[in-house]
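Colleague: after the sequence you'll find the predicted model.
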Amino acid sequence: MKITRLTIKNIGKIEAVEINPETNAVIIQGKNEAGKSTVLDSIFVALTGKRPDDFIRHGQNEGLIVVDLDMYRVKRTFKPNKTELEVINKNGVPYSGAPALLKKLIGVIAFDPLEFAGMRPADQANMLLQAANVNLEKYQAARSTAYDERTAVNRDVKSLKAQLAAMPEVPATTPDEELSVPHQLDVIGNLEDRKRQYLEWHLQAKAIGEKQTKIAARIEDILSQLINARNVERALQIEFDVHAGKAPTPPQESDITEAKAHFNSIDTINQDVRKKQAKADVSLALDASQQASASLDNKLVEIDALRNSKVQAADFGIDGLTVDDDGVAVDGVAFSRLATSKQIRVSAAIAMKMNPELKVILVREGSLLDDDSLKELIDQVSDQDYQIWIEKVCSDGQGTGIVIEDGHIK
């Protein structure tokens, strides 16, 4: 639905103007203070009812704006202390629910693509999401919750990392569990017993050997006792062999020395074990916190992906259009860094999306556009069968569109 005729009488700088758009682009030109802005303001006021102060032309008691649309005529009469509204359908029948009809119809009639380009990134993002029918309150609540959770977890990660870095290093050979003092005493006791048994056996062996030596010496001296002596020798030899077969294996002195050294270092080793366990506990907590942080990162990514899927589903006609924490972006490039022509295309696409019923867009700062940018904007809007009203300054009063001079069309 577009404007087919605009009539303005005694409003602002305008004395009497009637405009019958012949194309989808209506360019309003003129010098400063000629009444150009009043034309666009009149469209806005007629359809929204948001009347500014001193809206009636100076010296007059009544002003009139009539906006003819495809299906309705909107007529607002302005008096010093009141405004009268009348909406008539195409058959000439007054519409009883006029305010409600206009509220449903106009959407964001005040939307100006160039105003969008000058908004803060956060406001641009919110407007884009609004145009994509994203539930901002629900989305922001979910994202805020996940963000706060991740912030808390990351504080734990930072604290645990600092705690882990401050812990002393322990030898690489430190065991995982503390050593038992009673157990080590048992080891040393067993080794000492083996050593004592060996010494006892050694003394016995030495004594037997001495007896054998004495008997052998007596054989030389006492031939008469040879038989008896040899019998004794054989008996002793047998006894020696039996005893030798029972000889225990003596421990190595190095084993005893190592066991004692191990015993003396139990306290140190156990301190290292406790340190090692403390570091292991902190490492486990750090791993858990980092996993939680990564999970929340993924949750934020999922929330943002869902948000951008809704933006894509809204089909603004701009490939790569997304919303992130920094605002609106196209193909990963922030809106503020886009070329002016690209910014205008994105802004116009959002403007049209937010005005699905009344296909009218107002551009109050058209003088900021060069000829190429202006043509690109008009072509884009026309391709979607929207109507665009553009205000431009022409200092010589010889513009190519509808020129306003002293409150009239020149």
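Modeller: Ah, there it is.

Colleague: C-alpha from now on. contacts and neighbour counts both.
Modeller: Fine.

Colleague: what's the neighbour count on residue 13?
Modeller: 23 (other C-alpha atoms under 10 Å).

Colleague: please name the nearest non-neighbouring residue to it.
Modeller: Distances taken as C-alpha to C-alpha, 6 or more residues apart in numbering put residue 35 closest to residue 13, at 4.7 Å, once the chain neighbours are dropped.

Colleague: next one: residue 72
Modeller: Distances taken as C-alpha to C-alpha, 6+ apart place residue 89 nearest to residue 72, at 4.4 Å, with adjacent residues excluded.

Colleague: quick check: phi and psi on that neighbour?
Modeller: Backbone torsions for residue 89, taken as degrees, to the nearest 10, come to phi -80, psi 180.

Colleague: tally of neighbours for it?
Modeller: 15.

Colleague: do the same with residue 178
Modeller: Per other C-alpha under 10 Å, the neighbour tally for residue 178 reads 16.

Colleague: equivalent analysis for residue 23, please.
Modeller: The number of residues packed around residue 23, counting by other C-alpha under 10 Å, is 11.

Colleague: cool, and residue 315?
Modeller: Neighbour count of residue 315, defined by other C-alpha under 10 Å: 14.

Colleague: ditto for residue 373
Modeller: Counted with other C-alpha under 10 Å, residues neighbouring residue 373 total 17.

Colleague: same question for residue 347.
Modeller: Other residues close to residue 347 by other C-alpha under 10 Å number 23.

Colleague: what sits up against stretch 193-206?
Modeller: 240, 243-244, 247-251 (C-alpha atoms under 8 Å, 6 or more residues apart in numbering).

Colleague: kindly export that stretch (C-alpha atoms) in CSV.
Modeller: Presented in CSV, the C-alpha positions along stretch 193-206 are these (Å, rounded to 0.1, in the frame of the first residue of the first chain):
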residue,chain,number,x,y,z
ASP,A,193,67.5,-60.3,60.4
ARG,A,194,69.0,-61.7,57.2
LYS,A,195,72.3,-60.0,57.9
ARG,A,196,72.3,-61.4,61.5
GLN,A,197,71.5,-64.9,60.3
TYR,A,198,74.3,-64.7,57.8
LEU,A,199,76.8,-63.6,60.5
GLU,A,200,75.8,-66.4,62.8
TRP,A,201,76.2,-68.9,60.0
HIS,A,202,79.5,-67.4,59.1
LEU,A,203,80.8,-67.8,62.6
GLN,A,204,79.6,-71.4,62.8
ALA,A,205,81.2,-72.2,59.5
LYS,A,206,84.4,-70.6,60.7
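
Colleague: when you give positions from now on, start the count at 16
Modeller: Renumbered: residue one is now 16, and that last one reads stretch 208-221.

Colleague: now do the lowest-mean-pLDDT helix or strand in the chain: which elements does it pack against?
Modeller: Ranked by mean pLDDT, DSSP states H and E, the weakest helix or strand in the chain is helix 128-132, scoring a mean of 74. Using 3 or more C-alpha pairs under 8 Å, 6 or more residues apart in numbering; DSSP states H and E, the elements in contact with helix 128-132 are helix 355-368.

Colleague: give me the buried subset of the contacts of stretch 208-221.
Modeller: The neighbour count (16 or more other C-alpha atoms under 10 Å) marks residue 255 as buried among those.

Colleague: isn't residue 60 right up against residue 66?
Modeller: Yes: using C-alpha atoms under 8 Å, residue 60 is in contact with residue 66, at 5.8 Å.

Colleague: look at the two and report which has more neighbours.
Modeller: Per other C-alpha under 10 Å, whichever of residue 60 and residue 66 has more neighbours is residue 60, with 18 against 15.

Colleague: please identify the helix or strand for that one.
Modeller: Under the criterion of DSSP states H and E, residue 60 resides in helix 51-63.

Colleague: packing partners of that helix?
Modeller: Helix 51-63 sits against strand 18-26, strand 40-45, strand 78-84, strand 87-94, helix 113-121, strand 402-408, with contacts defined as 3+ C-alpha pairs under 8 Å, 6+ apart.

Colleague: pLDDT (mean, whole number) over it?
Modeller: Here helix 51-63 scores 88 as its mean pLDDT.

Colleague: quick one: contacts of that helix?
Modeller: So helix 51-63 is contacted by 21, 23, 26-29, 43-45, 65-66, 80-82, 89-91, 117-118, 121, 124-125, 377, 379, 404, 406-407, 419 (C-alpha under 8 Å, 6+ apart).
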